[in-house]
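> A structural model of the following input is requested.
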Amino acid sequence: MIPLDGRLKPKEVLYIINNSEAKCLVVSKEFESALDEIKGDLEFTRVFCTIDPDMYDYIYLDDLIKVYPTDNPNVSLAEDDLVWIKYTSSKRDLAKGAMFTQGAAGAMAEINVKFFMNSGNFNENIRALQVVPSYSFMGIIWDIAYQKCGALTVIIDGSNLSDIISFIEIYKIAHCYIPSSMLKLIVNIPHLNKYDLSSLKNITYGPLAMLARDLIKGIEKFGPIFTQAYCTLETGVLRIL
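Below is the predicted model of the structure:
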């Protein structure tokens with residue numbers, strides 16, 4: 001699997017798809033015009049799927065699900081089998097693909113799950129908010145951790161700060177991972193106290209540390225519920241404090 005950043009230009013997307021030798025592409029209708037620009041230059045991709053029902057010449061995923069057998073496919077996986085390629089960002093050079101195996105991805109998710117399970121605030125009954133997009137390693141590793149423990153994951157579309165706070169109140173979110181820069185903005189939202197955020201048990205932030213004054217303000221607003229995860233920008237969770 002190769003997550004793609006929807007903010008990339010078509011030529012940048014073309015490079016990643018060809019460089020990874022992806023055989024199948026899954027897109028939504030909003031990216032149809034961008035894909036049309038590069039479709040003729042794709043070197044390895046032959047299967048095109050969509051999550052939307054009204055895209056001509058694409059395989060609708062819901063149709064596949066309806067006819068696919070429900071029994072366990074019994075796919076044999078080893079720790080060294082590739083699970084995804086995460087392409088790094090670069091302002092000067094072409095993106096570089098970092099390969100992650102089943103074992104490495106599982107180990108990083110296990111670090112998250114064990115830490116929060118031991119804290120008593122993380123179990124199959126919680127509701128988690130997915131703020132960071134899954135094309136980011138920071139986003140996808142937390143998504144895997146939520147799924148691993150059986151938590152209900154609420155995925156937010158976009159990153160509007162007021163929407164994030166509203167989702168916490170509406171869905172009674174207990175846990176969320178929020179980028180440090182975004183968290184700093186959230187604690188300064190006017191009228192934050194008008195929202196019922198009592199369901200929150202833990203806010204994890206990363207990949208960078210926060211200034212002491214900003215963290216103190218966060219504790220004043222939300223209480224002592226913060227966990228710092230760092231060294232997580234391109235490599236997944238390596239340290240939790």
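> Every contact and neighbour count from this point should use C-alpha atoms.
Fine.
> so where is the protein shaky, pLDDT-wise?
89-93, 116-117, 119-124, 133-140, 157-159, 230-241 (pLDDT under 70).
> go with 80
When residues are selected by pLDDT under 80, those of the chain lie in 7, 88-95, 105-125, 132-150, 155-162, 206-209, 229-241.
> distance of the residue of the chain most remote from its centre from residue 4?
In the chain, residue 40 marks the outermost C-alpha relative to the chain mean, sitting 29.6 Å out by Cα atoms, centre = their mean. Separation of residue 40 from residue 4 (Cα to Cα, to the nearest Å): 19 Å.
> One more: residue 38?
Where residue 4 is concerned, residue 38 sits at a distance of 15 Å (Cα to Cα).
> So what are the structural domains in the protein, by residue number?
Here the domain parsing of the chain from automatic domain parsing is 10-75, 103-240.
> Count the neighbours of residue 55 for me.
15 (other Cα atoms under 10 Å).
> mind listing the helices for the protein?
10-20, 32-38, 61-67, 102-119, 137-149, 161-170, 180-186, 212-222 (DSSP state H).
> Name the residues of the longest one that are buried.
Applying a neighbour-count criterion of 16 or more other Cα atoms under 10 Å, the buried positions in helix 102-119 are 103-106, 108-110, 112-113, 116.
> Same question for the second one.
Counting neighbours by 16+ other Cα under 10 Å, one finds that the buried residues in helix 32-38 are 34-35.
> Just give the closest residue to residue 143, not the sequence neighbours.
Nearest residue to residue 143, sequence neighbours excluded (Cα to Cα, 6 or more residues apart in numbering): residue 130, at 6.9 Å.
> Bridged to the one you found, which residues?
residue 155, residue 177 (DSSP bridges).
> Surely it and residue 153 touch.
Yes - judged on Cα atoms under 8 Å, residue 130 makes contact with residue 153 at a distance of 6.6 Å.
> What number of neighbouring residues does the residue nearest to residue 143 come out with?
22.
> OK, contacts around it?
Residue 130 makes contact with 139, 142-143, 153-156, 176-177, according to Cα atoms under 8 Å, 6 or more residues apart in numbering.
> sorry, back to before: okay, and the common contacts of residue 130 and residue 153?
With Cα under 8 Å, 6+ apart, residue 130 and residue 153 have common neighbours residue 143.
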